[in-house]
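**Student:** turn this into a structure:
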Amino acid sequence: MDLKLFDPKSVFVPNLIGQTQKGVLSFSTFNFKAASLKLSSFLCSYKGASFEAACLSTSKGAISLVGQEQYAVETYSYRYDGSSTNRGSGILFRENRVLDAFDDEYGGVVVNVEKLPSDTDVFASILRSSLSHWRTKGKKGIWLKLPVEKCDLVPIAVREGFQYHHAERGYVMMTYWIPDEPCMLPANASHQVGVGGFVMNDKNEVLVVQEKHCAPELSGLWKLPTGFILESEEIFSGAVREVKEETGIDTEFLEVIAFRHAHNVAFEKSDLFFICMLRPVSSEIKIDDLEVQAAKWMPLREFVEQPLIKGDNMFKKIIDMCIARIGKRYCGLSVHKVVSKFDNRLSSLYYNVVDDQRLGCSAHDSCSTT
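**Tutor:** Prediction:
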């Protein structure tokens, strides 16, 4: 800050004398020389199209600076709305010094995205003072969710020490760990979840597809319908949906036959892939032209004799388990809805009923959906 602030032509003294200093936006302390200047409790100047105002304040009433060498002065930021009062002076609004936020249950803070300032300079100033405030309050982790329309605030947050946590289509989530100790904030999601549907009709035919977009080595392969589950979607309902989308066949979930766990699959994330046995409740195939080249009911023997199936240990084992389930020599995991007292939420627990008298896995035993 320089002495231009004190140019008599630019000085603006609002009707705020005697006001308290609650809700001050930000401040900085510095020294300056003055030949002759007299300050009342608030002395402000404003400039620019946005009517940004900078104000000086003293802790007591009017004070004379004549003949003094140096003074420590606190500067504050305000906004001027250009309107007037009965006395002809403008109205200054003090910005909140701390970002609007709410406490989380782990001693951290979640910033209210709805009340973020759009002005980058104002945001930078409030963010710095907010971090200082939260530090004095003993807060730990800070969560800052910046929507796409406020992406220009991202570089400012990075400069203040925030780190990327994750991004979705409409926002980027950033975090800041205040304590001088290892960060205890949970990392971003580490897995993607896929499902595959094993569907066989009463003619011992398996529902299979040829994908329109696949690796060259998989060209011509007839495979099970597969896909990723959606956000907040159950494994069993995701399998039913994927089969319906790719083939038009309606199905009923029976069991999870097996699942595969692999790492560094996509964007260095791990992958969980669940093989689900489904019972068909329709038979007419209607393929999805965007993803699927062809779909059909294929005799089981013909399906397992495909070179790529026979030559792959994992797929061969999966098919062996599906055949064992059909022959009542294997029982997969059926889904059961339960509520835990730890979080009072309804969850899906997958298990087989080991104490059932009919553990032979007949078509209507307790391994079916409940």
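**Student:** tell me the mean pLDDT over the helix or strand encompassing residue 175?
**Tutor:** Under the criterion of DSSP states H and E, residue 175 resides in strand 171-177. Strand 171-177 comes out with an average pLDDT of 97.
**Student:** remind me, longest strand of the chain?
**Tutor:** strand 251-266 (DSSP state E).
**Student:** now that strand: buried residues?
**Tutor:** Using 16 or more other C-beta atoms under 10 Å as the test for burial, strand 251-266 gives 251, 253, 254, 255, 256, 257, 258, 259. To be clear about C-beta, it is placed using only N, CA and C from the backbone, and glycine gets the same treatment.
**Student:** quick check: pLDDT value at the closest residue to the fourth one other than its chain neighbours.
**Tutor:** For residue 255, ignoring the flanking residues on the chain, the nearest one in space by C-beta to C-beta, 6 or more residues apart in numbering is residue 332 at 3.3 Å. Among the per-residue scores, residue 332 holds a pLDDT of 92.
**Student:** surely residue 236 is in contact with residue 276?
**Tutor:** Yes: assessed by C-beta atoms under 8 Å, residue 236 is found in contact with residue 276 at 6.6 Å.
**Student:** which of the two has more neighbours?
**Tutor:** residue 276 (28 against 23; other C-beta atoms under 10 Å).
**Student:** packing partners for the helix or strand containing that one?
**Tutor:** Here residue 276, judged by DSSP H and E, is contained in strand 269-280. Contacts defined by 3 or more C-beta pairs under 8 Å, 6 or more residues apart in numbering; DSSP states H and E place strand 269-280 against strand 191-199, helix 235-247, strand 251-266, helix 313-326.
**Student:** same list (these) but as TSV, adding distance to residue 205 and mean pLDDT.
**Tutor:** Output for the helices and strands packed on strand 269-280, formatted as TSV (distance: least, C-beta to C-beta, whole Å; pLDDT from 0 to 100):
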stretch	distance to residue 205	mean pLDDT
strand 191-199	9	96
helix 235-247	13	97
strand 251-266	14	94
helix 313-326	12	89
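**Student:** hmm, back to that, would you confirm that the residue nearest to residue 255 contacts residue 259?
**Tutor:** No: checked against C-beta under 8 Å, the pair residue 332 and residue 259 is beyond contact range at 10.0 Å.
**Student:** about what we covered before: ok, the strand holding residue 175: who's next to it in the sheet?
**Tutor:** strand 141-147 (antiparallel), strand 163-168 (antiparallel) (DSSP bridges).
**Student:** hang on, the earlier thing: overlap in contacts, residue 236 and residue 276.
**Tutor:** Counting by C-beta atoms under 8 Å, 6 or more residues apart in numbering, the residues touching both residue 236 and residue 276 are 253, 256.
**Student:** can you name the residues bridging to residue 256?
**Tutor:** Beta bridges link residue 256 to residue 276, residue 333 when assigned by DSSP bridges.
**Student:** right, and it touches residue 336 too?
**Tutor:** No: look at residue 256 against residue 336 with C-beta under 8 Å: they stay out of range, at 11.8 Å.
**Student:** name the residues contacting each of these two.
**Tutor:** Joint contacts of residue 256 and residue 336 (C-beta under 8 Å, 6+ apart) are residue 350.
**Student:** list the contacts for the spatially closest residue to residue 163 that is not a sequence neighbour?
**Tutor:** Sequence neighbours aside, residue 175 is the residue nearest to residue 163 in space, at 5.7 Å (criterion: C-beta to C-beta, 6+ apart). For residue 175, the residues meeting the contact criterion (C-beta under 8 Å, 6+ apart) are 141, 142, 143, 144, 162, 163, 165, 185.
**Student:** which one of those residues is nearest residue 194?
**Tutor:** residue 165 (23.8 Å; C-beta to C-beta).
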